[in-house]
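all I have is the shape, not the residue letters:
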């Protein structure tokens, strides 16, 4: 009986979040704010990738960044050095952001002049994938040291992403990581996902990622 009750509560939470996410998505569309949600495990290179992204497209679109973490403001301080508008979101122990939290972050960010809002979600391969944040697109970063079998172990994360960035390709010679096999695993879970190998450390592949992101925003702007 207890198990059934817990399941019902969980479904209710997800259903309510989905409604809030759809509402937020409509509002952002009306305001012309393209929201990108970036997810990954801790240490995958999210912040470094984000710095490279800002460097690549910062002159083409006005960017605002929300840095989500359980505690600390280390990442937000790093992003602030890029000159981009940034706000730190503390989740109070929560391992993800939902639509309501994202809305609070956007209000704090003050998106009046922002065209591209980027949410760096809490580092986790499970919880963030379960909650719709209201984003126009979801991105996921997988680093080479994590292994090429992650799409098999965390299928939901890969199934909800529009693009997967495979980071730290500079260390491929030192790890048993099969790029072709990993891409195959990703496409089994999500045939439509774009896979882009990158190295945030030296900038390799960032141009392709930046082009994809700008193109997606361009398509989104033209959609009615």
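It's in. Here the structure is a predicted model, which means the values were calculated and not measured.

the residue nearest to the spatial centre of the chain pairs with what?
Ranked by distance to the mean C-alpha position of the chain (C-alpha atoms, centre = their mean), the top residue is residue 38 at 1.0 Å. Residue 38 has these beta-bridge partners by DSSP bridges: residue 120, residue 139.

can you give me the pLDDT of it?
You'll see residue 38 listed with a pLDDT of 97.

can you give me the strands in this protein?
34-40, 63-69, 85-90, 116-120, 137-143, 163-167, 194-197 (DSSP state E).

of the ones you listed, which approaches residue 107 most closely?
Nearest to residue 107 among these is strand 85-90; the distance by C-beta to C-beta comes to 9.6 Å. Just so you know, the C-beta spots here come from the backbone N, C-alpha and C atoms, and that holds for glycine as well.

any idea how far that closest one is from the middle of the chain?
15 Å (C-alpha atoms, centre = their mean, to the nearest Å).

which residues touch that strand?
For strand 85-90, the external contacting residues (C-beta atoms under 8 Å, 6 or more residues apart in numbering) are 63-71, 73, 75-76, 79-80, 97, 101, 104-105, 108-110, 114.

list the buried residues of it.
Using 16 or more other C-beta atoms under 10 Å as the test for burial, strand 85-90 gives 85, 86, 87, 88, 89.

which of these lies closest to residue 171?
Among the buried residues of strand 85-90, and counting by C-beta to C-beta, the member closest to residue 171 is residue 86, at 28.4 Å.

can you give me the distance of the closest one to residue 49?
According to C-beta to C-beta, to the nearest Å, residue 86 stands 15 Å off from residue 49.

weed out the non-buried ones from the contacts of strand 85-90.
The buried subset of those - by 16+ other C-beta under 10 Å - is 63-69, 75-76, 79-80, 97, 101, 105, 109, 114.

and which of those residues is nearest residue 209?
Distance ranking of the buried ones among the contacts of strand 85-90 against residue 209, using C-beta to C-beta, places residue 63 first at 14.3 Å.

which residues sit in contact with the closest one?
Residue 63 touches 54, 57, 84, 85, 114, 115, 116, 117, 118, counting by C-beta under 8 Å, 6+ apart.

and if we set it to 7 Å?
Applying C-beta atoms under 7 Å, 6 or more residues apart in numbering, we find residue 63 in contact with 54, 84, 114, 116, 118.

widest-spaced pair of these?
54 and 114 (12.6 Å).

go ahead and confirm residue 143 touches residue 48.
No - the criterion here is C-beta atoms under 7 Å, and residue 143 misses it with residue 48 at 10.4 Å.
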